[in-house]
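Novice: fold the following and give me the result.
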Amino acid sequence: MQCETVVIGLNWVGDNVLALPTFKALQHRFRSEGGIAVAAPANVATLLEATGVFKQVIAWKPSTWQRIAALRAGGFRRAVILPNSFKAAAVTFAAGIEERWGYPTDMRRIALTHPVSKPAKRGHQLDDYMPLLDALNAPRAVDDIPTIKLPHSVRERGRRRLLNVGLHLDRPVIGIHPGGLYGRAKHWGDESYVDVIKRLRSEGFDIVLLTSPREREQAERIATTCNGVPMIGHDGDVLELAAAISQCAAVITNDSGPLHVATALAVPSVSIFGPTDPERTVIPGATHVVRQKLACQPCYQRECPLGHHRCMADVSVNQVFDAALGLFDGAAVAVEPSATVRHID
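Specialist: Residues are numbered from 1 along each chain as shown. Coordinates of the predicted model:
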């Protein structure tokens, strides 16, 4: 049976991971109609396909006209639009999809047949789409959290990839993601990551840098400064990056996509937060949050508006190093849905 409903996915890796409970609720709601398709950027589509949630996965092309053509070819009757942009709604309108559900943001009410009011209060990102799900009679399980179970073949590819870049896997591997495409305000700093890498190596850990095509130069600088650190992710395939993360003993990262991928894969992590709010995006208990609380937080700016970047600069190497070691000696919070977020101030 061909599915009648297409869900327009998000642009960022982490946002799509956090939307997994929403995707699952919609899949369950429309299972009698063949389930749902999802349309998402090509680099994310491979990961979404591996989750097994969707009947069909459409890898977005850069061209708006190609996106419209892909939706037309699908013959969908209904579109559920998760992004808040005008463009996300416009492509479904131009594709001639009969029902178009979404929030009437960015002056796009005219493009929607079923506008639904956004939540009055901004809570956890997991709850962003609750009014939309309620309107579609697609309740989400209250305790449902993002979970990804990669096929064995994909996990094995991740293991082989780590071996191919020179890791022997005879000691714990820590994946480190120093970047973040949102903006430099989320970055902890290359020098700080270099210091942490050197200290972790001295403790017997192997290190792999997690990166992306647009973050490759930064990762190469760090690798060179550390006399060579293998890198994964610079080819842009998020599924292969997730496969590698699944083989890591732990991950250290800023507030970024790899953090949420690690969470969904149940890989312990240390996350460094500055301009954003962990209470909005962190799954309780799923990561060891390190942050310095300042009056100006959270600002959600791509560059520090005050010019000092203290929210990240004041996080010490000792704090992150100790938190990472704590993941292995039982001092850190276990990865359990019922736990609470632990902060180091």
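Novice: please make it C-alpha for all contacts and neighbour counts, starting now.
Specialist: Fine.
Novice: where along the stretch 1-150 of the chain do the helices fall?
Specialist: Using DSSP state H, counting those that start in this stretch, the helices of the stretch 1-150 of the chain run over residues 13-18, 20-29, 42-50, 64-74, 86-94, 130-135.
Novice: figure out which of those is closest to residue 262.
Specialist: When those are compared by C-alpha to C-alpha, helix 13-18 sits nearest residue 262, at 10.0 Å.
Novice: show me the chain divided up by domain.
Specialist: Split into domains by automatic domain parsing, the chain comes to 5-135, 160-344.
Novice: can I get those domains in TSV including mean neighbour count, distance to residue 149 and mean pLDDT?
Specialist: Below are the domains of the chain laid out as TSV (neighbours: other C-alpha atoms under 10 Å; distance: least, C-alpha to C-alpha, whole Å; pLDDT from 0 to 100):
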stretch	mean neighbour count	distance to residue 149	mean pLDDT
domain 5-135	19	7	96
domain 160-344	19	7	89
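Novice: closest to residue 143 out of those?
Specialist: Smallest distance to residue 143 across these (C-alpha to C-alpha): 8.1 Å, for domain 160-344.
Novice: got the domains of the chain as JSON lines, with distance to residue 152 columns?
Specialist: Shown next, in JSON lines, are the domains of the chain (distance: least, C-alpha to C-alpha, whole Å):
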{"stretch": "domain 5-135", "distance to residue 152": "11"}
{"stretch": "domain 160-344", "distance to residue 152": "10"}
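Novice: nearest to residue 144, of the ones you listed?
Specialist: Of all the domains of the chain, the one in closest proximity to residue 144, counting by C-alpha to C-alpha, is domain 5-135 (6.1 Å).
Novice: the closest one: how far from the chain's middle?
Specialist: Centroid separation between domain 5-135 and its chain, computed with C-alpha atoms, centre = their mean, to the nearest Å, is 16 Å.
Novice: do stretch 201-211 as well
Specialist: Put simply, stretch 201-211 sits 22 Å off its chain's centre (C-alpha atoms, centre = their mean).
Novice: ends of it, what's the gap?
Specialist: Across stretch 201-211, the terminal residues are separated by 19 Å (C-alpha to C-alpha, to the nearest Å).
Novice: before we move on, the earlier item: nearest to residue 275, out of the helices of the stretch 1-150 of the chain?
Specialist: So among those, helix 13-18 is nearest, using C-alpha to C-alpha, at 16.4 Å.
Novice: enumerate every residue touching residue 235.
Specialist: By C-alpha atoms under 8 Å, 6 or more residues apart in numbering, the contact set of residue 235 is 212-213.
Novice: my bad, residue 69
Specialist: With C-alpha under 8 Å, 6+ apart, residue 69 has these contacts: residue 95.
Novice: also residue 277?
Specialist: Contacts of residue 277 by C-alpha under 8 Å, 6+ apart are 297-298.
Novice: quick one: it from residue 124, how far?
Specialist: Residue 277 is 10 Å from residue 124, by C-alpha to C-alpha.
Novice: wait, residue 297 sits on residue 278?
Specialist: No - if you go by C-alpha atoms under 8 Å, residue 297 and residue 278 don't touch, sitting 10.9 Å apart.
Novice: in this structure, mark out all the strands, start to finish.
Specialist: 5-8, 36-41, 56-60, 78-81, 99-102, 114-115, 173-177, 206-210, 231-232, 250-254, 269-272, 288-290, 342-344 (DSSP state E).
Novice: give me the contacts around the longest one.
Specialist: Outside strand 36-41, the residues that touch it by C-alpha under 8 Å, 6+ apart are 3-11, 26-27, 30, 45, 54-61.
Novice: how about the helices in the stretch 201-345 of the chain?
Specialist: Using DSSP H, counting those that start in this stretch, the helices found in the stretch 201-345 of the chain span residues 216-225, 238-245, 257-264, 278-281, 310-313, 317-329.
Novice: would CSV of those with distance to residue 41 be doable?
Specialist: Converted to CSV, the helices of the stretch 201-345 of the chain look like this (distance: least, C-alpha to C-alpha, whole Å):
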stretch, distance to residue 41
helix 216-225, 19
helix 238-245, 11
helix 257-264, 14
helix 278-281, 21
helix 310-313, 30
helix 317-329, 32
